[in-house]
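[1] Build me a model:
(2 chains)
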Amino acid sequence: MEPRGRVLLVYFVADESGSMEPYISELNDGLLSLQAALQREPWAAGKVRFSVIGFSETAFTYLEPADMRFLQGEMQPLTAQTVTSYTAAFDELDYRLSVDVPSLKQQGFVVHRPSVFFLTDGRPTGNEDWRAARQRVLNRPDHPNILAFGIGEADRATIGEVATKPNWALMSLHGRDIAGALEEFFVSLTQSVISSGQVAGSETADLQFEPPEGFNLAIEFDDDGSSQHSAR
Amino acid sequence: MTWRRKATKPDAAPAPEATRTQVRDPRTGRRRWRWWPWPRHRAPQVPPDERPRDAITDPALPAWTPLREPIRMAEPPAPPGVAPIFGPTVVPQIVVGSPSPPTEPTATADTYRSFPFHPDTAIDGWSTSTMTLRGTSVRGHLHRSHGIPRQDDFTMHHLPDGRAIITVADGVSQATQSHHGATSATRNAATWLARNLTADVADTDWSNLFQSASWALSMKAQNTFGLDQPDPLRAEQEFATTLVCAVIEPLRPGHLRAHVVNCGDSSTWLLSGGRFQELAGGKDGSPEGVASSEVTGLPRVPKHIEPIVIDINPGDVLLIGTDGVSEPLGDGQSAVGDLLRDVLLRPGPPSLIEFAHAVDFSRETFDDDRTLVALWPAHHPGHPPTAEAGATLRSDPTAPTGRWQPA
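    Take a look at the predicted model:
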């Protein structure tokens, strides 16, 4: 089979529950600016396949993994929906991984461990067992690295539970300034995608990530190195 | 009377021992000694063993143009003006599929310590009476664009006993000075092999080879960073590199044997019958999971080092290369496989520049440094007839006997 090179799958999983309604336009603008930034980075863009999943009560894949250089037209805009179901988000992610990774491999690509940027402003609604859904995703052989970003009313402990590493769980310091938090989030996401994409061709294929300025860790570290969820 | 030098023919037989006779000098009337030949005309007296071999008297040498008669070229009349130039001066880069973004190399960034000199591309190649080698190490497009030095390196040496050694290294990207690590590892390993190889390659202490190359990296860390003592941890942070070493021995005309040891993810292939058989190295990747980015390399030394022994027959090509080559090559049923087959399976080996030009192809997403060494057994009619290597092998008392027969 003709080798096509190494690619990094990046999923942007966005909360589009009702409480995000005032900021949906910022979310969509952020995605457009990310698309524009990748077009200016030919070394990275060819090695990244970017996908957008929006979730509320259900989850929907707005953009299947795409080479952002060749994206025709604009992405289907996210829309504010109803409640916040993490289970729906993780189930959709599980489904996407089961389809996207084999598909890319079949085309001759070598697939790096996928990255998920999980952005939420709330807490999971109701008594759903979203942790089991998350675990199903992590039990996959191609399980992704999950970075969790809490904005607005997001729960610090929950954000810490979503991320797969303590230093990938980040809370916005902007409080109710969600627009400012989103702006910084997209700067960080874009930088991370570009720098990860650049190294994806070499053996240094680890996720490249610098936390955005206006965010701090959701989980605090004790002096002995162990982590605990902050009560703040 | 004037003293005249007697003209000597350029191809005259060696002058006889000088003799002297007594003559009378007509100007002074005195007797004096007359030497013949005049000492300054005398050919240097070379012991018979060291005399240059002569195609006329030595049947082992091919019948090149005999030098009995001076060669007289019928010179065509020189055309007016400057000499004409033949051949293209613009050689476009070979593109496989979609190209990488075009790039002009950026100067090496300060963090990478560009001293001692570490060029973008290294090329070598030569033939002996038993084999032909081509080797090149070219910087990846991304490294060129970002001012990162080439982190691959290689050496290839012909030993006095007729054998050859090849070393190939790929510096680990996470180690910032791994370009110096790769250079150090290839050169130290080559020196170790030249000093320690015995008649039977199977007796080689391969672990000691890797330990020596590894220790050289630790000492390099000490020297470079002014440490109190050699530091393996610092060496791993700064100089980590993979390493492949190969010893090539001629078996009989047209047949070679390679002993290859490997630490890391570089690959060895035998291109035989048009198929690339990967014999050692490569990346471990589970079909179910995703690509691993873990690379182990020096200064970590594998616990068990088992050389693989490869017999190379007429028509085969042995290839040793880094992952910058193995990834676009894949299983060989690929465009890059076709490109390499085209270059490597011609009636004669490619020129040094042609070989490097082919390895420096542009292919989208394949931006890593590339190093490839190719080895052909001497078998084709145009093979350069350099008999010296074989002659030395026969007269060397430490050389393996019975394995090499003159053609």
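
[2] tell me the phi and psi of the residue of the stretch 251-400 of chain B found nearest chain A?
    Using Cβ to the nearest Cβ, the closest approach of the stretch 251-400 of chain B to chain A is made by B:Thr365 at 3.0 Å. Bear in mind the C-beta positions are built from the backbone N, C-alpha and C, glycine included. Here is the backbone geometry of B:Thr365 (degrees, to the nearest 10): phi 70, psi -10.

[3] tally of neighbours for it?
    Counted with other Cβ atoms under 10 Å in any protein chain shown, residues neighbouring B:Thr365 total 24.

[4] pretty sure it is touching A:Val7, no?
    Yes. B:Thr365 lies in contact with A:Val7 (Cβ atoms under 8 Å); the separation is 7.4 Å.

[5] how about the strands in the chain?
    I'll assume chain A. A:5-15, A:48-55, A:59-66, A:109-111, A:115-120, A:145-150, A:169-172, A:215-217, A:219-221, A:227-229 (DSSP state E).

[6] wait, chain B
    Secondary structure of chain B (DSSP E): strands at B:19-24, B:31-36, B:121-127, B:131-138, B:152-158, B:164-171, B:241-252, B:255-263, B:267-272, B:275-281, B:308-312, B:317-321, B:370-377.

[7] just those strands: most buried one?
    strand B:164-171 (a mean of 28; mean count of other Cβ atoms under 10 Å in any protein chain shown).

[8] With adjacent residues omitted, what lies nearest to B:Arg300?
    Leaving aside its chain neighbours, B:Arg300 sits nearest to B:Glu236 (7.0 Å; criterion: Cβ to Cβ, 6 or more residues apart in numbering or on different chains).

[9] before we move on, what about A:Leu104?
    Per Cβ to Cβ, 6+ apart, closest to A:Leu104 is A:Val111, 5.2 Å.

[10] number of nearby residues for that neighbour?
    22.

[11] That one is in contact with A:Ser103, isn't it?
    No. A:Val111 lies out of contact with A:Ser103 (Cβ under 8 Å); the separation is 9.7 Å.

[12] hmm, back to that, and the strands of chain B as TSV, adding mean pLDDT and distance to chain A?
    Shown next, in TSV, are the strands of chain B (pLDDT from 0 to 100; distance: least, Cβ to the nearest Cβ, whole Å):
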stretch	mean pLDDT	distance to chain A
strand B:19-24	81	75
strand B:31-36	78	73
strand B:121-127	97	18
strand B:131-138	97	15
strand B:152-158	97	11
strand B:164-171	96	8
strand B:241-252	95	9
strand B:255-263	94	14
strand B:267-272	95	13
strand B:275-281	87	12
strand B:308-312	95	23
strand B:317-321	97	14
strand B:370-377	97	12
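
[13] Turn those strands into JSON lines, columns for distance to B:Val96.
    Shown next, in JSON lines, are these (distance: least, Cβ to Cβ, whole Å):
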{"stretch": "strand B:19-24", "distance to B:Val96": "73"}
{"stretch": "strand B:31-36", "distance to B:Val96": "71"}
{"stretch": "strand B:121-127", "distance to B:Val96": "18"}
{"stretch": "strand B:131-138", "distance to B:Val96": "14"}
{"stretch": "strand B:152-158", "distance to B:Val96": "19"}
{"stretch": "strand B:164-171", "distance to B:Val96": "21"}
{"stretch": "strand B:241-252", "distance to B:Val96": "24"}
{"stretch": "strand B:255-263", "distance to B:Val96": "26"}
{"stretch": "strand B:267-272", "distance to B:Val96": "18"}
{"stretch": "strand B:275-281", "distance to B:Val96": "16"}
{"stretch": "strand B:308-312", "distance to B:Val96": "27"}
{"stretch": "strand B:317-321", "distance to B:Val96": "16"}
{"stretch": "strand B:370-377", "distance to B:Val96": "12"}
